[in-house]
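Q: pasting the sequence and the predicted coordinates here, then a few questions.
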Amino acid sequence: MPGLAAFTPFQNPRFSLYFTGQVISNTGTWFQNLALSLVVLQATGSASALSGVTVAQFLPLLVLGIPAGRLADRVRPRTILLVTAGAQAIIVAVLAIVLAGPTVEVWTIYALVLVLGTANTFDRVAAQAIIFELVGPGALSRAVSISTIALAAARSIGPGLAGLAFAGWGASACMVVNAASFLIVFVSLLLIRPSRLHRRPRADRSDPRTSASPLRSRPFVILAIVNVVVALFGLNLMLVLTSTVTLDFAGDATAVGAVHAMNAVGAIVGGLLAAIPASVSLRSLIGGCAALGFALMVNALAPTLPLLLLAGPLLGLGVGYYHGTINAAAQSSVAPAQLGRAMSLVTLGNYGMAPLGALLMGWVTDALSGRTALAIGGAAALLSAAFVAIATRLRS
């Protein structure tokens, strides 16, 4: 059955082990992100102040994203991930100590999140580059698409559990959970034997197919433009959804967790749909962007918190399908020796735009509303779908 083909990467025990570690790690990250968001919002009452956390978290990508890609093409991604998992566990443990104190300064949170974001920059790129080494070229597209479900699966349980943990035990306990999740990832990587991984060819300076920048490829440039636009206007959902629930609808921590959890239910389905095709092309982005744009528009029209909850799975489906499609198309469009650099550019465009997008959408949310920010993101995604359709038609 075509639908069952999406699950074929799980026949590889190394991919299954890595995927499990990523689900646990991303679940822990939701404990951290939700706790920090609520601490800052409670302290300041400002979406713009909350955007400062996003800026600190993703600003290192703007500076170190390209070097991280070059490193991932020269050093085994498994080695990089072992170092970053250990470093992030230590940094988050320090955050737990700070939040356990009697008073918490927002600038201290910004500073520690900035350090954490530096380690996370190298982690994000290596996490994409290692997928080829886990499954090889034959199963790459499906494995890349299915790997996005790790984020969705974490969203399906992380926000709800994090909301309960924050309400019951406080922000410091949420940080402890995240630190433990990084230690679990560290152990899972140790269990993956390097000798069983597929080696990627190194870049040959005399061969332009492997030594040239991925930006020399017109299809990859089109993909990169879409990636930046959608990330800038449409994917600041931690900020926008949290602010919409808290500021527009006066929801509490449990409501915030519920909205993100409902969003994640659909994202799992979206990731599975993106993993069904054996290969993904640039034109696949037309459907990915259109699905995301439509889902954002529907959520923007929700006038009450219950209706926003009801529309959450649809938004998740759009996000999951878009992420699965664009990541698979990016890895399929370059040579294996270019994967580190290619995915650093995708990561830079996606997460590197988060600081600018957070500032912009934080301002929109404060000046207008979170629903307006969702509508702007929907319009950007729909325009991106039209752009890909026109660009690929001209190319053909």
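A: Nice, thanks for sending it over.
Q: so how far is Leu161 from Val176?
A: 13 Å (CB to CB, to the nearest Å). C-beta coordinates here come from the backbone N, C-alpha and C atoms, glycine included.
Q: between those two, point out the one with more neighbours.
A: Val176 (20 against 17; other CB atoms under 10 Å).
Q: can you give me phi and psi for the more buried one?
A: phi -60, psi -40 (degrees, to the nearest 10).
Q: how about low-confidence regions in the stretch 201-350 of the chain?
A: Filtered on pLDDT under 70, the stretch 201-350 of the chain yields the residue ranges 201-213, 215-216, 278, 335-337, 339.
Q: let's see it at 50
A: Residue ranges of the stretch 201-350 of the chain with pLDDT under 50: none are present.
Q: and the helices in it, which stretches?
A: 208-211, 218-234, 237-243, 253-275, 284-300, 305-332, 339-350 (DSSP state H, counting those that start in this stretch).
Q: out of these, the one nearest Arg142 is which?
A: helix 253-275 (4.9 Å; CB to CB).
Q: and the angle for the closest one with helix 284-300?
A: With axes from the mean of the first three to the mean of the last three CA atoms, to 10 degrees defining the directions, helix 253-275 sits at 160 degrees from helix 284-300.
Q: now helix 253-275: buried residues?
A: By neighbour count on 16 or more other CB atoms under 10 Å, the buried set for helix 253-275 is 253, 255-275.
Q: can you check which helix is longest in the chain?
A: Using DSSP state H to assign secondary structure, the helix with the most residues in the chain is helix 13-44.
Q: now it: how far from the chain's centre is it?
A: 11 Å (CA atoms, centre = their mean, to the nearest Å).
Q: show the average pLDDT along it.
A: When pLDDT is averaged over helix 13-44, the result is 86.
Q: about what we covered before: most tightly surrounded among the helices of the stretch 201-350 of the chain?
A: Mean neighbour count, computed with mean count of other CB atoms under 10 Å, is highest for helix 339-350 among these, reaching a mean of 27.
Q: can you spell out which helices and strands pack onto the helix or strand following it?
A: Helices and strands here follow DSSP states H and E; after helix 339-350, the next one along the chain is helix 354-367. Packing partners of helix 354-367 (3 or more CB pairs under 8 Å, 6 or more residues apart in numbering; DSSP states H and E): helix 47-74, helix 218-234, helix 237-243, helix 370-395.
Q: in helix 354-367, what's buried?
A: Neighbour count says helix 354-367 has Ala354, Pro355, Leu356, Gly357, Ala358, Leu359, Leu360, Met361, Gly362, Val364, Thr365, Asp366 buried, by 16+ other CB under 10 Å.
Q: now for Ser195, how many residues are close by?
A: With other CB under 10 Å as criterion, Ser195 counts 4.
Q: now name the helix or strand holding the nearest residue to Gly21 once chain neighbours are set aside.
A: Spatial nearest neighbour of Gly21, excluding adjacent residues (CB to CB, 6 or more residues apart in numbering): Ser188 at 3.5 Å. Assigned by DSSP H and E, Ser188 belongs to helix 171-190.
Q: which residues sit against that helix?
A: With contact meaning CB atoms under 8 Å, 6 or more residues apart in numbering, helix 171-190 is reached by 17-18, 20-22, 24-25, 27-29, 31-32, 34-36, 38-39, 78, 81-82, 85-86, 88-90, 92-93, 95-97, 99-100, 162, 165-166.
Q: can you give me how far it is from the chain middle?
A: That offset, for helix 171-190, works out to 18 Å (CA atoms, centre = their mean).
Q: appreciated, that's everything.
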